[in-house]
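Chemist: okay, predicted coordinates and the sequence, questions at the end:
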Amino acid sequence: KAGVTQTPRYLIKTRGQQVTLSCSPISGHRSVSWYQQTPGQGLQFLFEYFSETQRNKGNFPGRFSGRQFSNSRSEMNVSTLELGDSALYLCASSLSGAGADTQYFGPGTRLTVL
Amino acid sequence: GEDVEQSLFLSVREGDSSVINCTYTDSSSTYLYWYKQEPGAGLQLLTYIFSNMDMKQDQRLTVLLNKKDKHLSLRIADTQTGDSAIYFCAERGKTGANNLFFGTGTRLTVIP
């Protein structure tokens, strides 16, 4: 079974631009979560989608948004990019997010904001 | 909120055992996880433990959970150079929410 895939793997943007990252979960997984990883703040939860609905949200500004499609693929969008948004963005999928369900991570998208 | 702490660095000699420690604060955590991250890669799930267990063994990996002290450890037996990586412990969010709270990560260096 194919793992979680994320595209693109690397992105360079400038301040003020917006960016869209994509995540394809493991086949059959319906929950997709996004995390931001930076050297200073570590790994932080952004949000989780399940059945096309945002189910949980971390403590990030409204510039960070996401969505999920009917095939469970998910995108996250960051508008008005700031230098501090430079990070590795990780997507994780799980079957339903309940009980002993575990999250499997993709390789990440490394975003650099200049 | 949840606070998960780990020591930042650990060095061991090849063939020795490694023990990576983690403390957490949310006593309602139901599941605790260990992930491995190699340079330039995402997170690889190593193992997890349910909060009503105190030990879980999986080949070279042993997880110990002391719920009273909110202390979790990962022991890697016969550590190999390929085990060099950053190891993260994580606890599941409150009320079973599907978000993980991660520790700072422990960088394990295996010396040949």
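Modeler: Yep, that arrived.

Chemist: nearest residue to the residue of chain A found nearest chain B in space, please, no chain neighbours.
Modeler: For chain A and chain B, the shortest gap (CB to the nearest CB) falls at A:G97, measuring 3.1 Å. Where you see a C-beta, it was placed from the backbone N, CA and C, and this is true even at glycine. Excluding its sequence neighbours, the residue lying closest to A:G97 (CB to CB, 6 or more residues apart in numbering or on different chains) is B:N98, at 3.1 Å.

Chemist: just the local confidence number for residue 74, please.
Modeler: Assuming you mean chain A. pLDDT for A:S74: 98.

Chemist: can you look at chain B instead?
Modeler: 98.

Chemist: with A:K1 instead?
Modeler: 68.

Chemist: and if you look at B:A97?
Modeler: pLDDT at B:A97 comes out at 69.

Chemist: was I right about the residue of chain A closest to chain B contacting A:T53?
Modeler: No - applying CB atoms under 8 Å as the test, A:G97 and A:T53 come out as separate, 11.8 Å apart.

Chemist: more crowded one of those two?
Modeler: The neighbour comparison of A:G97 against A:T53 (other CB atoms under 10 Å in any protein chain shown) goes to A:G97, with 25 against 9.

Chemist: for the more buried one, which three-state class applies?
Modeler: A:G97 carries the three-state label coil when classified by DSSP: H, G, I helix; E, B strand; the rest coil.

Chemist: so what's it up against?
Modeler: In this structure, A:G97 makes contact with A:S31, A:S33, A:E48, A:F50, A:R55, B:N98, judged by CB atoms under 8 Å, 6 or more residues apart in numbering or on different chains.

Chemist: same thing with B:A77?
Modeler: Per CB under 8 Å, 6+ apart, neighbours of B:A77: B:S17, B:R60, B:L61, B:T62.

Chemist: need the strands for the chain, in chain order.
Modeler: As the question left the chain open, I've gone with chain A. Per DSSP state E, chain A carries strands over the ranges A:5-7, A:10-13, A:19-24, A:31-38, A:42-50, A:53-57, A:64-68, A:74-78, A:87-94, A:104-105, A:109-113.

Chemist: that answer is for a different chain, and I need it for chain B
Modeler: B:4-6, B:9-13, B:18-24, B:31-37, B:43-50, B:55-58, B:61-66, B:71-76, B:85-92, B:100-102, B:106-111.

Chemist: other residues contacting the first one?
Modeler: Under the criterion CB under 8 Å, 6+ apart, residues B:20-25, B:87-91, B:101-106 lie in contact with strand B:4-6.

Chemist: buried among those? Make that a ChimeraX selection.
Modeler: Those of these that count as buried under 16 or more other CB atoms under 10 Å in any protein chain shown are selected in ChimeraX with:
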select /B:20,21,22,23,24,87,88,89,90,91,101,102,103,104,105,106
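
Chemist: residues in contact with whichever residue of chain B sits closest to chain A?
Modeler: Per CB to the nearest CB, B:N98 is where chain B lies closest to chain A, at 3.1 Å. Neighbour list for B:N98: A:S31, A:S33, A:E48, A:F50, A:R55, A:N56, A:S94, A:G97, A:A98, A:D101, A:Q103, B:R92 [criterion: CB under 8 Å, 6+ apart].
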